[in-house]
Each structure stands twice: as structure tokens, then as C-alpha cells.
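**Q** what follows is a predicted structure for the sequence shown.
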Amino acid sequence: MKRTEKVKVVDAQYLCAFLPNREGGYSVRCAAFPELVTNGKTLAEARAMAREALELCIEVYQDEGRRLPPPAREPRTTIREFIPVKMPRRMAMA
């Protein structure tokens with residue numbers, strides 16, 4: 001569902017775990033959003049997919065009136081990166 005209203009955004013980051021798959025590519029999880037699971041054939045593709053999935057999670061949380069969850073720690077054996085996303089300023093201040 002594409003939004004038509006203009007929304008002020010802020011930059012935010014969520015910690016994602018990139019887990020190498022045996023058959024190649026990476027699976028992506030985000031402890032802050034347990035429902036987020038995505039993947040990519042390369043690390044660059046997995047990063048892009050993570051950004052898209054995070055932005056969709058943020059949109060769903062906003063639509064449902066839910067507060068955004070704080071990030072949580074992942075095991076040290078995974079690749080961990082902050083993925084920047086755009087989010088409505090009013091949600092960042094909550």
C-alpha cells in the first residue's frame with residue numbers, strides 16, 4: 001500500500017544479522033522485529049532486502065498503532081550491521 005501523504009522522516013538504524021547460507025547467499029534477521037526474515041544472493045543484495053523489509057515493518061507497525069521495538073543483541077558469530085531506514089519523525093519521538 002503506497003502512502004500519498006507527505007511525511008517528515010528521520011534517519012534511524014536497526015541491528016540486523018546476516019547469516020551465510022550453506023547453499024550461498026545470506027539470510028537476514030532483525031531481533032528488534034522478530035517477524036522480519038529476508039535473504040539475498042549476495043551481501044549487498046541482502047542489505048538492500050533488509051532495508052526494504054525494515055521499512056515495511058515500520059509501515060505495518062505505524063498502521064497498527066504499535067510502538068517501534070528497541071534493538072536487541074545477536075550472537076557474535078553473525079555479521080552484524082546497522083541498516084539505515086527512513087521513518088516518520090513522529091514515530092521516532094515516541
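**A** That came in fine, so what should we check first?
**Q** what lines up beside the longest strand seen in the chain in the sheet?
**A** In the chain, with assignment by DSSP state E, the single longest strand is strand 9-20. Strand 9-20 sits in its sheet next to strand 26-29 (antiparallel), strand 79-88 (antiparallel), going by DSSP bridges.
**Q** so which of those strands comes closest to A44?
**A** Of all the strands paired with strand 9-20, strand 26-29 sits nearest to A44, with 9.8 Å by CB to CB. Backbone N, C-alpha and C define where each C-beta goes, glycine included.
**Q** need the contact partners of the closest one.
**A** 16-21, 36-40, 42-43, 46, 49-50, 53, 74, 79 (CB atoms under 8 Å, 6 or more residues apart in numbering).
**Q** buried ones in that strand?
**A** Y26, V28, R29 (16 or more other CB atoms under 10 Å).
**Q** quick one: low-confidence ranges for this structure?
**A** Scanning the chain for pLDDT under 70 picks out 1-5, 7, 9-11, 70-79, 92-94.
**Q** and the helices in it?
**A** 43-64, 89-92 (DSSP state H).
**Q** of the ones you listed, which is nearest I83?
**A** Nearest to I83, of the helices of the chain and by CB to CB, is helix 43-64 at 4.9 Å.
**Q** gap between the residue nearest to K8 when sequence neighbours are not counted and Y14?
**A** Leaving aside its chain neighbours, K8 sits nearest to R89 (4.3 Å; criterion: CB to CB, 6 or more residues apart in numbering). Distance, R89 to Y14, using CB to CB, to the nearest Å: 17 Å.
**Q** with E59 instead?
**A** From E59 to Y14 the distance is 14 Å (CB to CB).
**Q** adding distance to K8, write the strands paired with strand 9-20 out as JSON lines.
**A** Shown next, in JSON lines, are these (distance: least, CB to CB, whole Å):
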{"stretch": "strand 26-29", "distance to K8": "28"}
{"stretch": "strand 79-88", "distance to K8": "7"}
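**Q** among these, show me which one is buried the most.
**A** Ranked by mean neighbour count under mean count of other CB atoms under 10 Å, the strands paired with strand 9-20 are led by strand 26-29, which reaches a mean of 21.
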